[in-house]
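Peer 1: A structural model of the following input is requested.
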Amino acid sequence: MVPRLSRRTFLKAATATTAATYAARAIPAWADVDQGAVVVHTPLTTFAYSEVTLLDGPMKEQFEQNHARFLHLDDDRLLKVFRQVAGLPAPGEDMGGWYDLTGFSLERNDFHGFIAGHSFGQYLSGLARAYAVTGSEPTREKINRLVKGYGETLDPQAKFFAGYRLPAYTYDKISCGLIDAHAFARDPLAMGIHKRLTRAMAAYLPEKALSRQEQRSRPHPDTSFTWDETYTLPENLFLAYQRSGDTFYRDMAKQYLEDDSYFGPLAQGNNVLPFEHAYSHVNAFSSAMQAYITLGSEKHLQAAKNGFEMLAKTQSFATGGWGPDEAFGEPGRGQLGDSLASTHASFETPCGAYGHFKITRYLLRATKDSRYGDSMERVLYNTILGAWPIQADGTSFYYADYATTGKKVWYPQKWPCCSGTFPQLAADYHISTYLRSDDGVYVNLFTPSAVQWNDGGGRYGLKQETKYPFDNKIKIRVSASQPKDYTLYVRIPSWAVPDPVLSVNGKRVADPVRPGAFASIRRTWSDGDRVELELPMPLRLETVDRNHPNLVALVQGPVVLFAVADAQPSFDRDALLEAKSTNNGAGDWLATAANGSKITMRPFMNIDKESYSTYVLLKS
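Peer 2: Below is the predicted model of the structure:
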């Protein structure tokens with residue numbers, strides 16, 4: 001797959017409420033608390049992980065698989081590389097793959113030992129978020145052991161990072177793991193270790209965020225150094241500030257905002273995405289959002305909004321995925337359609353989905369704009385829910401393949417980056433499904449689930465019953481310890497035309513229900529009330545880009561239907577739009593190809609090892 005000059009081939013976000021809660025807990029004695037801190041109260045906030053329950057379905061299955069995988073991964077193996085560098089006894093087997101200390105060779109196209117210990121912090125973060133969901137005592141105990149074990153390897157100079165290939169890249173992940181261990185598992189050592197590590201990192205980081213171009217202009221014996229990602233650091237540094245009250249973190253976060261070559265131009269509407277590494281630069285949008293939340297910076301909010309708009313309009317496939325070969329291309333040149341014939345590395349699935357969920361959740365919180373929920377669910381159903389689970393030996397699903405004829409495959413190296421983001425993302429399903437506002441609750445994702453919360457001495461909840469997206473009906477049952485007046489907001493996807501139907505207790509709501517917005521229902525809710533939503537889901541065609549008008553994806557509702565065939569089929573337009581559902585429970589449809597053959601059209605989440613085409617050819 002390599003060599004390409006890209007990193008992979010070559011939390012819940014803070015709110016005013018949570019920030020105040022963290023600060024109100026025991027702030028360490030070393031903290032320099034800024035009493036005049038600006039923390040923006042976004043119009044929407046997330047529920048606590050523990051307030052949302054995923055019921056039987058693919059999202060719950062992925063969460064439980066990831067939780068079990070990392071709960072039972074041997075502590076000694078996870079800590080081994082850190083203990084080896086520290087000169088401590090290092091029992092346990094090597095992890096293998098990217099995680100080990102030695103073995104990487106670009107010349108051999110071999111990624112064994114690529115970035116030692118790179119995903120430790122993400123595994124720790126995933127466990128902390130899983131503990132926040134489940135309250136599992138064995139999970140908390142494991143988090144405590146890993147934090148303590150890592151702290152024992154940390155010397156005042158953090159010598160693990162001396163000569164390290166990508167110091168910012170791995171520090172950022174360890175930072176996230178430690179602050180999540182503190183915030184969600186109440187680990188007593190985590191923030192102290194985090195402060196020691198962060199102080200020591202000054203010796204290994206540049207003076208500011210460096211673009212890839214700036215890194216290449218600075219001589220370094222290891223060319224992979226130019227892949228480091230200092231521009232992603234601010235998000236977790238701002239979160240560390242909010243969770244500790246220590247202005248050291250806030251000031252360091254400001255230092256690493258890539259304003260000159262990225263956020264500044266984006267805020268002005270200049271598209272600087274082309275040729276950048278895709279995932280890390282989408283991930284950097286979350287740093288811009290934390291600059292808005294923490295500093296009140298409207299410039300950074302505008303940069304994130306503009307950047308995401310450019311991503312959605314110029315870089316995205318029908319699946320919602322983006323970044324073939326992990327790079328952004330120049331708009332208007334047909335790069336997405338061209339990529340179908342040139343690469344099988346179409347979308348970096350767990351990492352890309354994790355970054356996508358974060359930025360859409362941030363933007364939804366800040367704007368209440370339902371299109372961010374639409375975008376989130378498109379990525380959910382067409383990319384990450386089709387990823388195979390991480391195996392015990394670290395074998396992982398990495399790239400979604402949208403090639404002319406594609407196939408799901410395992411990534412050849414163990415424990416790659418996508419093994420770190422997958423458990424974080426699966427835990428974050430809980431905080432992406434529902435959101436809160438001052439006046440009510442927003443239903444963002446349609447999936448079997450429940451949310452419960454306390455308010456004014458009462459206990460309230462919503463429970464979704466649905467087979468969506470394989471069925472167009474969603475039923476929401478209300479629970480309430482006593483009648484309560486609030487607004488229920490339900491996302492109406494923009495594709496749901498011409499006439500979505502929203503009812504309360506069997507009676508259609510009087511106000512118009514508009515696709516591309518949240519429908520609002522204000523009333524006094526009582527225990528047993530029910531809300532029903534029926535969404536029209538007509539078939540439609542979406543071209544890959546303007547330069548390839550005859551390459552189209554068949555889409556129903558939020559779901560792309562992939563043509564299951566050994567070669568890319570061609571269709572008459574009308575025949576493709578006349579595909580018929582098989583009603584087989586897997587979401588299969590049958591379409592008649594131009595040669596008269598019957599082609600199964602199948603959602604990505606239900607494709608296994610069969611060959612498929614994401615885009616099919618329309619006969620001219």
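Peer 1: which element follows the helix or strand bottoming out on mean pLDDT in the chain toward the C-terminus?
Peer 2: Lowest on mean pLDDT, DSSP states H and E among the helices and strands of the chain sits helix 16-24, with a mean of 33. Once the chain leaves helix 16-24, the next helix or strand it forms, by DSSP states H and E, is strand 45-46.
Peer 1: Can you list the helices and strands that that following strand packs against?
Peer 2: Applying 3 or more C-beta pairs under 8 Å, 6 or more residues apart in numbering; DSSP states H and E, we find strand 45-46 packed against helix 16-24, helix 349-367, strand 434-437. C-beta here means a position set from N, CA and C on the backbone, and glycine is covered the same way.
Peer 1: which of those is buried the deepest?
Peer 2: Of all the helices and strands packed on strand 45-46, helix 349-367 carries the top mean neighbour count, a mean of 25, counting by mean count of other C-beta atoms under 10 Å.
Peer 1: packing partners for that one?
Peer 2: strand 45-46, helix 278-295, helix 298-314, helix 371-382, helix 418-432.
Peer 1: Local confidence estimate at K195?
Peer 2: pLDDT, K195: 98.
Peer 1: unless I'm mixing things up, it is touching G245, no?
Peer 2: No: with contact defined as C-beta atoms under 8 Å, K195 does not reach G245; the gap is 11.9 Å.
Peer 1: Okay, strands next: where are they in the stretch 401-550 of the chain?
Peer 2: With DSSP state E, counting those that start in this stretch applied, the stretch 401-550 of the chain shows strands at 434-437, 440-443, 449-455, 458-466, 473-480, 484-492, 501-504, 507-508, 517-525, 530-534, 539-543, listed in chain order.
Peer 1: Mind checking what secondary structure the residue lying closest to A318 once chain neighbours are set aside has?
Peer 2: The shortest distance from A318 to any non-neighbouring residue, by C-beta to C-beta, 6 or more residues apart in numbering, is to A553 (3.8 Å). Per DSSP: H, G, I helix; E, B strand; the rest coil, the local secondary structure of A553 is strand.
Peer 1: For A553, which residues are in contact?
Peer 2: 317-319, 541-542, 544, 560-561, 614-616 (C-beta atoms under 8 Å, 6 or more residues apart in numbering).
Peer 1: is it in a bridge, and if so with what?
Peer 2: With DSSP bridges applied, A553 shows beta-bridge pairing to E542.
Peer 1: More neighbours: which of K195 and G245?
Peer 2: Comparing K195 with G245 by neighbour count (other C-beta atoms under 10 Å), the higher total belongs to G245, at 22 against 19.
Peer 1: could you measure that one against Q290, distance?
Peer 2: From G245 over to Q290 the distance is 16 Å, taken as C-beta to C-beta, to the nearest Å.
Peer 1: same question, I179
Peer 2: 12 Å.
Peer 1: now F70
Peer 2: As judged by C-beta to C-beta, F70 and Q290 stand 26 Å apart.
Peer 1: Repeat that for K60.
Peer 2: Distance of K60 to Q290, computed by C-beta to C-beta: 29 Å.
Peer 1: of these two, who's got more company?
Peer 2: Taking other C-beta under 10 Å, K60 and Q290 do not tie; Q290 has more neighbours (26 against 18).
Peer 1: Pretty sure that one sits against L233.
Peer 2: No: between Q290 and L233 there is no contact under C-beta under 8 Å: 10.6 Å.
Peer 1: what residues do these two have in common as contacts?
Peer 2: With C-beta under 8 Å, 6+ apart as the test, Q290 and L233 both reach A253.
Peer 1: next helix or strand past the helix or strand containing V560?
Peer 2: Under DSSP H and E, the secondary-structure element containing V560 is strand 559-564. Following strand 559-564 in sequence order, the next helix or strand is strand 570-571 (DSSP H and E).
Peer 1: Next up, the contacts around Q84.
Peer 2: Neighbouring residues of Q84 by C-beta under 8 Å, 6+ apart: 90, 101.
Peer 1: same thing but at 6 Å, please
Peer 2: Contact analysis of Q84 by C-beta atoms under 6 Å, 6 or more residues apart in numbering lists A90.
Peer 1: pLDDT value on the nearest residue to L617 once chain neighbours are set aside, please?
Peer 2: Among residues not flanking L617 along the chain, S570 sits closest, at 4.1 Å (C-beta to C-beta, 6+ apart). If you check S570, the pLDDT there is 98.
Peer 1: ditto for H41
Peer 2: Reported pLDDT for H41: 88.
Peer 1: Please report the distance of it from R365.
Peer 2: Noted for H41: a distance of 10 Å to R365, by C-beta to C-beta.
Peer 1: which SS class is D155?
Peer 2: coil.
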